[in-house]
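> here is a sequence together with a model predicted from it:
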Amino acid sequence: GQNIDQPTEMTATEGAIVQINCTYQTSGFNGLFWYQQHAGEAPTFLSYNVLDGLEEKGRFSSFLSRSKGYSYLLLKELQMKDSASYLCAVRDWVQLTFGSGTQLTVLP
Amino acid sequence: DGGITQSPKYLFRKEGQNVTLSCEQNLNHDAMYWYRQDPGQGLRLIYYSQIVNDFQKGDIAEGYSVSREKKESFPLTVTSAQKNPTAFYLCASTRDRVHSYNEQFFGPGTRLTVL
């Protein structure tokens, strides 16, 4: 099975940088995803990592270390619209298992 | 526009009644999934289907049933045996089950409230 841990809540200021961590223990690993979910809406895909290292996509970057069972999502130049829940999800050979999500609040 | 449709967005039912949530996709995706989300929690997998006429139980299948008679459609029935059915239900699909990089696309969700 999978066990995924991420902080429940984080707060940051508009224009700042925030790092959301995710640690996992898995029986099989076939990639790690980050999703953004605004309240009452469906999750939307942000990033995918399967090899160690950093993937950059505009203001968002995601890092993976498979040996440490660790990933982080880095959000730069925070905007108010970035206030949302960020879900870490790990894929084994069959299914995707989600963490409980980190609720990020961006303050003016 | 290609995408996943779930209807209705809000659904109310009396306790003891079965209810079926619809999920339709026109993305030509092979694999489809049903998740349940409770307040402040992540998504938990109920059922998934990797191909037509085949489906597998997820982590919390008890009290739910599904069918996959067509590639485009994967309806979920919440039965009276489900003890706490009030939740936000999300349907998702991926292009295929083989390639791990395929992200899941989600429908808008159905919020079910059992009175």
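Sure thing, it's come through.
> the strand or helix carrying residue A:47 pairs with which strands, and in what direction?
Residue A:47 belongs to strand A:44-49 when elements are defined using DSSP states H and E. Based on DSSP bridges, the strands next to strand A:44-49 in the sheet, each with its direction, are strand A:32-37 (antiparallel).
> CA-only coordinates of the strand it pairs with, as CSV, when you get a sec.
The C-alpha trace of strand A:32-37 is given here as CSV (Å, rounded to 0.1, in the frame of the first residue of the first chain):
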residue,chain,number,x,y,z
LEU,A,32,4.4,11.3,-8.5
PHE,A,33,1.8,13.9,-9.4
TRP,A,34,0.9,17.3,-8.0
TYR,A,35,-2.6,18.6,-8.4
GLN,A,36,-4.2,21.9,-7.5
GLN,A,37,-7.8,22.0,-6.2
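> so how far is chain A from the residue most central in space within chain B?
With distances taken as Cα atoms, centre = their mean, the residue of chain B nearest its centroid is residue B:34 (2.7 Å). Relative to chain A, residue B:34 is positioned 12 Å away (Cβ to the nearest Cβ, to the nearest Å). Just so you know, the C-beta spots here come from the backbone N, C-alpha and C atoms, and that holds for glycine as well.
> show the pLDDT at that residue.
Per-residue confidence at residue B:34 stands at 97 (pLDDT).
> using the three-state scheme, assign it.
Reducing the assignment to helix, strand or coil with DSSP: H, G, I helix; E, B strand; the rest coil, the entry for residue B:34 is strand.
> who does it form a beta bridge with?
Counting by DSSP bridges, residue B:34 forms beta bridges with residue B:47, residue B:91.
> that one reaches residue B:23, doesn't it?
Yes. With contact defined as Cβ atoms under 8 Å, residue B:34 reaches residue B:23; the gap is 7.3 Å.
> common neighbours of the two, please.
When contacts are counted by Cβ atoms under 8 Å, 6 or more residues apart in numbering or on different chains, residue B:34 and residue B:23 have B:74, B:76, B:91 as shared neighbours.
> show me which of those is closest to chain A.
Comparing those against chain A with Cβ to the nearest Cβ places residue B:91 closest, at 9.0 Å.
> quick check: that closest one vs residue B:33, distance?
In this structure, residue B:91 and residue B:33 are separated by 7 Å, where distance is defined by Cβ to Cβ, to the nearest Å.
> ok, residue B:46 next?
8 Å.
> pull up the overlap in contacts between the two.
When contacts are counted by Cβ under 8 Å, 6+ apart, the set common to residue B:46 and residue B:33 consists of residue B:58.
> mind listing what the residue nearest to residue B:40 when sequence neighbours are not counted touches?
Closest residue to residue B:40 apart from its sequence neighbours, by Cβ to Cβ, 6 or more residues apart in numbering or on different chains: residue A:100 at 7.3 Å. Remark: with contacts taken as Cβ under 8 Å, 6+ apart, residue A:100 is in contact with A:4, A:6, A:8, B:40-42.
> next one: residue B:79
Residue B:79 touches B:18, B:63-65, counting by Cβ under 8 Å, 6+ apart.
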